[in-house]
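Trainee: Test case, fold it:
(chains A and B)
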Protein chains: 2
Amino acid sequence: MSHEPLTVHIIARMNDYQQSASAGEFELIAALKRVLDEYTSAPSVIVGIGDDAAAVETETGALVLTTDTMVDGVHFRRGEANWSDVGWKSAVSNLSDIAAMGATPQHALVTLGVPSDITTADMEQMYRGMADAFAEFGGGIVGGDIVSSPVFFVTVALTGAATVIDGKPEILQRDRAQPGELIGVTGLLGGSAGGLRSLNEHIESGEATVLKRFHFRPVPRIAQGKLLLSAGVSCAMDVSDGLVADLEKLCAASEVGAILNAASVPVPPELKALYGNDATILALTGGEDYELVFTAPFDMMDRLLAHHRGQFTYIGRIVEEPDGDTRVTVFDAAGSEMQLGQKGWDHLGAR
Amino acid sequence: MSHEPLTVHIIARMNDYQQSASAGEFELIAALKRVLDEYTSAPSVIVGIGDDAAAVETETGALVLTTDTMVDGVHFRRGEANWSDVGWKSAVSNLSDIAAMGATPQHALVTLGVPSDITTADMEQMYRGMADAFAEFGGGIVGGDIVSSPVFFVTVALTGAATVIDGKPEILQRDRAQPGELIGVTGLLGGSAGGLRSLNEHIESGEATVLKRFHFRPVPRIAQGKLLLSAGVSCAMDVSDGLVADLEKLCAASEVGAILNAASVPVPPELKALYGNDATILALTGGEDYELVFTAPFDMMDRLLAHHRGQFTYIGRIVEEPDGDTRVTVFDAAGSEMQLGQKGWDHLGAR
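Mentor: Here you go, the predicted model:
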């Protein structure tokens, strides 16, 4: 699931591990933004289209709003995932957007598009998975809509309360990175992509079981989002389309560049065990990890790593890009630049 | 579009003018409500599943939340409606839910499920229709999601600010009707159903043009919802599934019965001109009128009719139903009871 409003979800994600929205899809987003720009936008909008969630000022406080959809055959395949996992993930993809703003999940509206061959028991299971995720991480279903549809889809819209610091609502935003800051991530990356790969390869080992759990039962970093805010961090987003792809969006929004140390990117030991050197590639490009990537000045990052051992990992730094090229440069352990080739990420030196 | 959270949208509405959700669909709603009941619901929920919108207490005020979806081939047919009208109606069906709570529309999230054969120009038109409706009646698009989907759908989730009266947030609810109260409606009924019928019958007259406009460009009664609240009304809902069907829901929620005077139900003159005696039937069962139906004590109704001439019409009264039968009894001009037969509503006396 994509985590920015008005961003295209990627069909290809079902089949490989690269982001591959077509030029037409990006054109559509740009065109719709232009339409909205013709209308006077409400002065109450703090963060609009382009971040993980929208943030708006209401008469009495700041509210964070997000929505995310899963379509059968596009974002999951019926029969491969159990319905409870579909529900869990549809809740988590939205919870993760709220986490990426440092906010507290509140109220969810759930829309189901239901084909005639779906049973009540299927939907009960799905609802249970969804309700489990909200019970664990905050928020709850308060309403929704059920419609007939030739294809199954589930759309969740979720509100969040902005974290208040010194009496003022504060949110994490992706456009706040500054040159010289370090880049950190929560948790482990690549597990979801590894789970999907082991699923496609019909691997049934213990490692595969662990990785499939990363894929079907991702965890939104609600607590960590708030912790980052209270530590003084102002720039973050969640990793939904892949670390490099999402970091590129953060760089574009912040008008900076980034240098990433591939060897520093934390991966699950099971991913390393099952896929060896591919583990890093999966971690760089995988998507659906729902971890947070953030930036912080050296001292702040230092305190975060020291005080919350194991929760955050330092993986690179933000650099200036005077020529307006906001790209992410990736180095391997040997210090060679890696590059995305036709077959995914590759070591430049090995070509 | 249905206007209560977790209510099934009706495929059959495309083909006739009767509500016809299958038993299976109602069973699904009941099953999902039971799942949610197993989880501790948030104490912040003022009005949950079952009203036009949910109403929740936030740290700093009351918020109204609603969502509504249109699926191609279910709620409209591509080619018959222009995209701008699809956008308009998808906004209005949500705005109408906010109107039915007496609230003020605020922030919308828009999810598009987009098949590959839909063009950017189509979506721009749709967005324009949507943005036009928000510009006219309040609220604005602040984010959303675009996903690939084999069938086109548009889901809007909309927040509203509850009206504050004497420093206290107040909302209209459908479960507040009291025996002895009179029943009123805003505007005219049956126009949308007449428009759909003239569309299906390929009628191109001036009357048909007016009725098609009722169908494609309905108006949400935002101002009237607030006016009702400030006049002291506490019970209302919007007419989305048909006057009798929706009034039955209001009666069920309030545990009362209703008597409706069919001849008092206001219809567009064009509907009368084109469809004669069927006009009343279309007004009773049509759906998608997006008018408000409400109840009020005699004096309050009297003041409303006197002070806002032409905006509200008295059409019946709320009665006690000691046997728990919350049905709506409809009388024609001659005082004979009308009943829904196999072919729609009919005069009992004429059988």
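Trainee: which parts of stretch A:169-180 are buried?
Mentor: Going by neighbour count (16 or more other CB atoms under 10 Å in any protein chain shown), the buried part of stretch A:169-180 is A:Pro169, A:Glu170, A:Ile171, A:Leu172, A:Gln173, A:Arg174, A:Asp175, A:Arg176, A:Ala177, A:Pro179. C-beta: built from backbone N, CA, C; applies to glycine.
Trainee: Could you dump the residues you listed into a markdown table with secondary structure and distance to A:Ala54 added?
Mentor: Listed next are the buried residues of stretch A:169-180 as a markdown table, based on DSSP: H, G, I helix; E, B strand; the rest coil; distance: CB to CB, whole Å:
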| residue | secondary structure | distance to A:Ala54 |
| --- | --- | --- |
| A:Pro169 | strand | 14 |
| A:Glu170 | strand | 16 |
| A:Ile171 | coil | 10 |
| A:Leu172 | coil | 13 |
| A:Gln173 | strand | 11 |
| A:Arg174 | coil | 13 |
| A:Asp175 | coil | 14 |
| A:Arg176 | coil | 16 |
| A:Ala177 | coil | 20 |
| A:Pro179 | coil | 27 |
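Trainee: and which of these is nearest to chain B?
Mentor: When those are compared for distance to chain B (CB to the nearest CB), A:Pro169 wins out at 10.0 Å.
Trainee: Any idea what that closest one is bridged to?
Mentor: For A:Pro169, the beta-bridge partners are A:Val164 (DSSP bridges).
Trainee: Please name the residues that touch it.
Mentor: A:Glu57, A:Gly61, A:Ala62, A:Ala162, A:Thr163 (CB atoms under 8 Å, 6 or more residues apart in numbering or on different chains).
Trainee: which of those count as buried?
Mentor: Neighbour counting by 16+ other CB under 10 Å classes A:Gly61, A:Ala62, A:Ala162, A:Thr163 among those as buried.
Trainee: hang on, the second one in a strand?
Mentor: Yes: with DSSP: H, G, I helix; E, B strand; the rest coil as the criterion, A:Ala62 is located in a strand.
Trainee: circling back: reformat the buried ones among the contacts of A:Pro169 as TSV; add pLDDT and distance to A:Gly113.
Mentor: TSV is the format used below for the buried ones among the contacts of A:Pro169 (pLDDT from 0 to 100; distance: CB to CB, whole Å):
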residue	pLDDT	distance to A:Gly113
A:Gly61	73	33
A:Ala62	85	31
A:Ala162	91	31
A:Thr163	88	33
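Trainee: ok, and which of those residues reach chain B?
Mentor: The subset of the buried ones among the contacts of A:Pro169 within reach of chain B, by CB under 8 Å from any CB of the partner chain, is A:Gly61.
Trainee: what's the most distant pair in the buried ones among the contacts of A:Pro169?
Mentor: In terms of CB to CB, the buried ones among the contacts of A:Pro169 reach their longest pairwise distance at A:Gly61 and A:Thr163, which sit 11.0 Å apart.
Trainee: end to end, how far does stretch A:35-52 reach?
Mentor: By CA to CA, to the nearest Å, the extent of stretch A:35-52 from end to end equals 21 Å.
Trainee: Closest residue of the stretch 101-250 of chain A to chain B?
Mentor: Residue nearest to chain B within the stretch 101-250 of chain A: A:Gly143 (3.0 Å; CB to the nearest CB).
Trainee: how many neighbours does that residue have?
Mentor: For A:Gly143, the neighbour count with other CB atoms under 10 Å in any protein chain shown is 31.
Trainee: which ones are touching it?
Mentor: For A:Gly143, the contacting residues are A:Leu109, A:Val110, B:Pro5, B:Leu6, B:Gly48, B:Ile49, B:Ala53, B:Ala54, B:Leu65, B:Thr66, B:Thr67, by CB under 8 Å, 6+ apart.
Trainee: What's opposite it in the beta bridge?
Mentor: When bridges are called by DSSP bridges, A:Gly143 pairs up with A:Leu109.
Trainee: Do you know the pLDDT at it?
Mentor: On the pLDDT scale, A:Gly143 is placed at 89.
Trainee: for A:Ser96, same thing?
Mentor: Confidence at A:Ser96, expressed as pLDDT, is 97.
Trainee: Likewise for A:Ala81?
Mentor: So A:Ala81 comes in at 84 (pLDDT).
Trainee: check contacts around it.
Mentor: Applying CB under 8 Å, 6+ apart to A:Ala81 gives the contacts A:Lys89, A:Phe216.
Trainee: repeat for A:Phe294
Mentor: For A:Phe294, the contacting residues are A:Leu172, A:Ile183, A:Gly184, A:Val185, A:Leu228, A:Val233, A:Cys235, A:Ala236, A:Met237, by CB under 8 Å, 6+ apart.
Trainee: can I get those in a markdown table with pLDDT?
Mentor: Below are these laid out as a markdown table (pLDDT from 0 to 100):
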| residue | pLDDT |
| --- | --- |
| A:Leu172 | 96 |
| A:Ile183 | 98 |
| A:Gly184 | 98 |
| A:Val185 | 98 |
| A:Leu228 | 97 |
| A:Val233 | 98 |
| A:Cys235 | 98 |
| A:Ala236 | 97 |
| A:Met237 | 97 |
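Trainee: Which secondary structure state does the residue most central in space within chain A sit in?
Mentor: Ranked by distance to the mean C-alpha position of chain A (CA atoms, centre = their mean), the top residue is A:Ser240 at 2.7 Å. Counting by three-state DSSP, the backbone at A:Ser240 sits in coil.
Trainee: measure it to B:Val142 for me?
Mentor: Between A:Ser240 and B:Val142 the computed distance is 19 Å (CB to CB, to the nearest Å).
Trainee: do A:Pro269 as well
Mentor: A:Pro269 is 41 Å from B:Val142, where distance means CB to CB.
Trainee: more crowded one of those two?
Mentor: Using other CB under 10 Å as the criterion, A:Pro269 and B:Val142 rank with B:Val142 on top: 27 against 11.
Trainee: for the more buried one, what are its contacts?
Mentor: A:Pro5, A:Ala42, A:Val45, A:Gly48, A:Ile49, A:Ala54, A:Val56, A:Leu65, B:His107, B:Ala108, B:Leu109.
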